[in-house]
Structure formats: structure tokens, C-alpha cells
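Participant: just to be clear, the model below is a prediction. Sequence and coordinates:
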Amino acid sequence: MTDPALEALLAAHVGLLEGAVAVPGPAWTACHLEGFVFAAFAGGVAEFRLGETVSAAALRTPDTKVSARGAGWVRFAPRRLDAHARDRAIAWFESAWRHADAELAGDADEPDVDEDGPDDEDDDEGDGPAT
């Protein structure tokens, strides 16, 4: 079982990131920067668009796996939101936001991927993959 406090942590943190907006959807809350989805969360699960390099490192930590949203996306579902899990969630959330900013500025080295996930068609809600 995952810890739903993750959703509250990220919802509170989105207001600290310049230009970031959280858009609740029927299944997920999607976080956007100028329309670019960089994270999504629901209950005790969060998905972050970290880019290829950072996501490869993130996948070597507990409670992570590849997200069905595409390359560079990591799914994080901590069983318990202890201090380490909170630190990772916030660090990855901020990293995803910075990555989105770099993409928007044309500074990112990595190709753009579908930020809504494979099972969404023109859906900016960020509903994302099924669990």
C-alpha cells in the first residue's frame, strides 16, 4: 500500500515553483509549466518527467519503476513517506520542473516525449497510465 501523503506534499510544493500549475483531472493531478506536463500525482503515486539521464539514476532507488508515460518518466510509489522518500519526491519534482523549463527554452539535450502518457489522446488532464 502507498502513502497518500505524497499527494499532499506535492500539491503544497507546486506553488513554490515559478510558473508551475497543478491541474486536477479525473484520475491524476497534472503539473504544467506553460502547458508542458512535467509531473502527475494521485494518492500515493507520483510520476516525474526527469529526462533520460536523471531517470536512469532515479530508477536505482527504492519504490521506483519505469512509467508507462514514456522515456524519461519515472513512477514513484513509496510504501511509507519517510524523510528519505519526501526528499526524493521533492528533488525529483523540482528536477522535472527544471527539465520542463529547459525543454521550453530549447536547452534540453533529449528529444521530447508524449507527456500525457500512452493511453491518453489529446488529454491535457494528465490522467496517465493505469496502475
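Facilitator: Great, that's in hand.
Participant: now do the strands in the protein.
Facilitator: Counting by DSSP state E, the chain has strands at residues 20-24, 29-33, 36-42, 45-49, 64-66, 73-76.
Participant: pull up the pairing partners for the second one, direction included.
Facilitator: Spelled out, it's strand 29-33. Using DSSP bridges, strand 29-33 pairs in its sheet with strand 20-24 (antiparallel), strand 36-42 (antiparallel).
Participant: so for the longest helix along the chain, what's the average pLDDT?
Facilitator: Ranked by number of residues, the top helix in the chain under DSSP state H is helix 83-105. For helix 83-105, mean pLDDT is 96.
Participant: under the pLDDT cut-off, which ranges of this structure? List them.
Facilitator: By pLDDT under 70, the weakly predicted segments of the chain are 1-4, 108-131.
Participant: report how many residues lie close to Glu52.
Facilitator: Residues lying near Glu52 (other Cβ atoms under 10 Å) number 12. No exception for glycine: its C-beta is placed from N, CA and C like everyone else's.
Participant: so it is in contact with Gly70, correct?
Facilitator: No. Glu52 lies out of contact with Gly70 (Cβ atoms under 8 Å); the separation is 10.7 Å.
Participant: okay, the strands of the chain in TSV with mean neighbour count and distance to Asp101 next?
Facilitator: Formatted as TSV, the strands of the chain follow (neighbours: other Cβ atoms under 10 Å; distance: least, Cβ to Cβ, whole Å):
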stretch	mean neighbour count	distance to Asp101
strand 20-24	16	10
strand 29-33	23	6
strand 36-42	27	9
strand 45-49	28	12
strand 64-66	14	23
strand 73-76	25	17
